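Engineer: Got a predicted structure plus its sequence, pasted below:
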Amino acid sequence: MRVDQLLNKLCLIKTRSIAKKAADKNLIKINGKTAKASSNVLAGDVIEYELYGYYNKLEITDIPKGNVSKTSAPTFYKFCEREKLESNS
């Protein structure tokens, strides 16, 4: 599944277009490599992204087959790290 679709489907990023723009700005990495919005994600991959003022690192445990409810979304991933980014103001 595409990384932009996955992050949106798992309720980690609000919309797919935001996920695509984040990938275009090199804010998303898969297994340590900068990812395009169309990059394929497999179970076991580690995704890192900086968005909404946070750095997030998570491992994908399973790829959903269809739509995912907000309550069941966390069963498809586990957080490795999540930290607030320092603001430059």
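Structural biologist: On my side now, so go ahead.

Engineer: quick one, strands of the chain?
Structural biologist: Assigned by DSSP state E, the chain shows strands spanning 28-30, 33-34, 46-51, 54-60, 77-84.

Engineer: Mean neighbour count, these: which tops it?
Structural biologist: strand 28-30 (a mean of 21; mean count of other C-beta atoms under 10 Å). From N, CA and C alone the C-beta is placed, and that goes for glycine too.

Engineer: Just checking: what are the partner strands of that strand?
Structural biologist: In the sheet, strand 28-30 lines up against strand 33-34 (antiparallel), strand 46-51 (antiparallel) (DSSP bridges).

Engineer: What ranges in the protein fall below the confidence cut-off?
Structural biologist: For the chain, the stretches with pLDDT under 70 are 88-89.

Engineer: okay, the angle between the top helix by length along it and strand 46-51?
Structural biologist: Scanning the chain for the helix with the most residues, using DSSP state H, yields helix 16-24. Here the directions of helix 16-24 and strand 46-51 differ by 100 degrees (axes from the mean of the first three to the mean of the last three C-alpha atoms, to 10 degrees).

Engineer: any idea how far helix 16-24 is from the chain center?
Structural biologist: Computed by C-alpha atoms, centre = their mean, to the nearest Å, the chain-centroid distance of helix 16-24 equals 10 Å.

Engineer: what's it packed up against?
Structural biologist: Judged by 3 or more C-beta pairs under 8 Å, 6 or more residues apart in numbering; DSSP states H and E, the packing partners of helix 16-24 are helix 3-9, strand 46-51.

Engineer: Dump the ones you listed to CSV, plus distance to residue 77.
Structural biologist: Below are these laid out as CSV (distance: least, C-beta to C-beta, whole Å):
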stretch, distance to residue 77
helix 3-9, 9
strand 46-51, 8
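
Engineer: Could you point out which of those sits nearest residue 68?
Structural biologist: helix 3-9 (5.4 Å; C-beta to C-beta).

Engineer: Mind giving me the packing neighbours of the closest one?
Structural biologist: Short answer (3+ C-beta pairs under 8 Å, 6+ apart): helix 3-9 packs on helix 16-24, strand 28-30, strand 46-51.
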